[in-house]
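# I'll drop the sequence and a predicted model, then ask my questions.
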Amino acid sequence: MPSHVFNLIASAVARRNGDLLLVQQQGPDDPHPYWWLPSGQVELGEGLLAGLAREVLEETGLTVVGTPTIAFVVQVLRHRGEGLQQWFVCHFACEVAGNLGPQDPDGLIVSAHWVQEQVALEHLGKNSDYDCEPLHRWLCGEAAPGAVYTVKIN
């Protein structure tokens, strides 16, 4: 019988003086670290913005301040065998405060950095699981806030 997995991810798009907040992470099966926006799965029963704040704090040591606004959403569909995996990645424009210092309980985050936006896009583009187009369009003002994109991975 086909199975279906659904995941809700909160992702931070934090900008400061032309830089974008990124983390380097490395899982146990990853040969080397890769770049990603601070993000993670919203836990069952947890509010979306609470999940965002928790993930940002864990992965960067920074605190989300003010009220984040939705930047864009990416629906990711991946077929695995007879099953379908689906992620909704809600990217929030947010302000952060504090000092960088990851506190990741999972031990996957290697470091957190402010990276010049163009260089950040280049880093993210090297990750085969990340589609940079929605982020690029939002950063350049080409997409209205709240735009929804669908990415299919086989």
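That came through, no problem.

# hang on, isn't L20 packed against H113?
No - distance between L20 and H113: 9.4 Å, which falls outside the contact criterion (C-beta atoms under 8 Å). C-betas here are computed from N, CA, C, even on glycine.

# Which of these two has more residues huddled nearby?
Comparing L20 with H113 by other C-beta atoms under 10 Å, the one with more neighbours is L20, at 23 against 15.

# Skipping adjacent residues, who's closest to that one in space?
When the adjacent residues along the chain are set aside, L20 lies closest to A120, with 4.1 Å between them (C-beta to C-beta, 6 or more residues apart in numbering).

# and the host helix or strand of the one you found, what's its mean pLDDT?
Here A120 is covered by helix 117-125, with elements defined by DSSP states H and E. When the per-residue pLDDT values of helix 117-125 are averaged, the result is 94.

# Report all helices and strands that the helix ranked longest in the chain contacts.
If each helix of the chain is counted by residues according to DSSP state H, the longest one is helix 48-60. Contacting helix 48-60 under the criterion 3 or more C-beta pairs under 8 Å, 6 or more residues apart in numbering; DSSP states H and E are the following elements: strand 4-16, strand 19-25, strand 39-41, strand 63-80, strand 83-97, strand 109-116.

# repeat that for 7 Å
Packing partners of helix 48-60 (3 or more C-beta pairs under 7 Å, 6 or more residues apart in numbering; DSSP states H and E): strand 4-16, strand 19-25, strand 63-80, strand 83-97, strand 109-116.

# ok, W36 - how many residues close by?
Applying other C-beta under 10 Å, we find 20 other residues in the vicinity of W36.

# One more: the one 5 residues further on?
Burial measure for Q41: 13 neighbouring residues, criterion other C-beta under 10 Å.

# V64 now?
Using other C-beta under 10 Å, V64 has 24 neighbouring residues.
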